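[1] sharing a model that was predicted from the sequence below.
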Amino acid sequence: MSGFVEKPEPSQVPGLVHLHTGKVRELYQNEAGDLVMVASDRISAYDWVLPTEIPDKGRVLTQLSLWWFDQLADLVPSHVLSTELPAGAPADWAGRTLVCKSLRMVPVECVARGYLTGSGLAEYQQSRTVCGLALPEGLVDGSELPAPIFTPATKAEVGEHDENVSYEEVARQVGAETAAQLRQATLAVYSRARDIARDRGIILADTKFEFGFAGDELILADEVLTPDSSRFWPADQWQPGRAQPSYDKQYVRDWLTSAESGWDRGSEQPPPALPEQVVTATRAKYVEAYERLTGTNWS
């Protein structure tokens with residue numbers, strides 16, 4: 001069993017209908033039919049949404065996504081309509097709320113990989129492939145790939161794993177034309193972001209995007225290029241052949257799997273609350289990623 005340790009009760013706001021509680025976000029619809037996305041400070045690990053929040057995390061993710069949407073606007077339009085707070089919304093929603101177009105979402109996690117790690121590494125070690133794509137011999141954890149690859153996954157419910165699938169399976173599910181659009185857009189956005197991050201001393205190892213359609217136009221949706229949806233590594237510490245330090249939930253994962261936590265990942269028991277030092281260190285990593293990428297101080 002997995003999912004929420006403590007499922008939150010969403011705020012009730014006049015004029016908004018609550019649609020969904022995700023791992024990190026609350027999703028509403030306003031009277032105009034637009035979506036209102038509110039990024040919480042929740043954090044997930046090992047398919048659990050933890051009982052401890054990371055202060056400012058939702059704002060960091062929202063503001064970093066907005067910055068990236070601006071960098072990518074000439075490649076693909078985003079779903080953002082406004083950052084204005086809906087009337088009657090809690091004050092805490094400021095800085096973490098996006099009013100977005102309602103799209104026909106494509107039920108595919110569009111993953112781009114420029115480096116080998118994670119589930120891609122596990123498949124490569126068994127078959128020398130990732131999502132059915134053949135890769136050269138001799139690659140190790142953290143190796144840069146000869147070229148970025150599109151490795152899609154199916155979207156999972158809270159508490160379940162996304163499942164890597166082949167490009168052919170995506171084409172079967174959504175049609176050949178849409179699959180080609182997804183692959184082209186994913187690799188174009190990844191390549192742009194990789195170059196921007198590299199100029200700032202950060203390696204973008206891999207990332208996942210979500211897309212939807214407004215009419216016939218492909219739109220970039222959800223969050224984009226944040227530490228929750230991407231693996232960012234400090235370039236000056238990159239060393240293939242081992243796990244890389246990263247700007248994400250590393251402190252959380254390391255503590256949960258340590259003897260100190262007392263938690264057995266293989267058990268049916270939910271994980272414990274995080275200690276203050278893990279919360280502080282994790283917040284600092286999110287803020288550092290924001291500051292290094294955008295070149296602005298977090299305040």
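    Right, received. Where do you want to start?

[2] kindly state the beta-bridge partners for the spatially closest residue to Arg253 that is not a sequence neighbour.
    In this structure, Arg253 finds its nearest non-sequential neighbour in Ala45, 5.4 Å apart by CB to CB, 6 or more residues apart in numbering. Yep, even glycine has a C-beta here, placed from its N, CA and C like the rest. Beta bridges link Ala45 to Trp48 when assigned by DSSP bridges.

[3] so what's Ala45 up against?
    Lys249, Val252, Arg253, Leu256, Pro271 (CB atoms under 8 Å, 6 or more residues apart in numbering).

[4] try it again with 7 Å
    Lys249, Val252, Arg253, Leu256 (CB atoms under 7 Å, 6 or more residues apart in numbering).

[5] what are the ranges of the helices in the stretch 101-250 of the chain?
    118-127, 167-174, 176-199, 250-256 (DSSP state H, counting those that start in this stretch).

[6] format those helices as TSV; extra columns: distance to Val140, mean pLDDT and mean neighbour count.
    Output for the helices of the stretch 101-250 of the chain, formatted as TSV (distance: least, CB to CB, whole Å; pLDDT from 0 to 100; neighbours: other CB atoms under 10 Å):
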stretch	distance to Val140	mean pLDDT	mean neighbour count
helix 118-127	8	92	16
helix 167-174	25	94	16
helix 176-199	20	98	17
helix 250-256	19	90	18
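
[7] out of those, flag the one nearest Ser65.
    helix 176-199 (11.8 Å; CB to CB).

[8] give me the residues contacting that closest one.
    Under the criterion CB under 7 Å, 6+ apart, residues 68, 71-72, 75-76, 106, 108, 110, 112, 114, 148, 150, 167, 170-171, 203-204, 207, 209, 211, 218, 225, 232, 235, 293 lie in contact with helix 176-199.

[9] returning to what we had before: in a markdown table: the helices of the stretch 101-250 of the chain, plus distance to Glu144.
    As requested, those are exported to a markdown table (distance: least, CB to CB, whole Å):
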| stretch | distance to Glu144 |
| --- | --- |
| helix 118-127 | 13 |
| helix 167-174 | 21 |
| helix 176-199 | 10 |
| helix 250-256 | 20 |
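
[10] sweet, I'm off.
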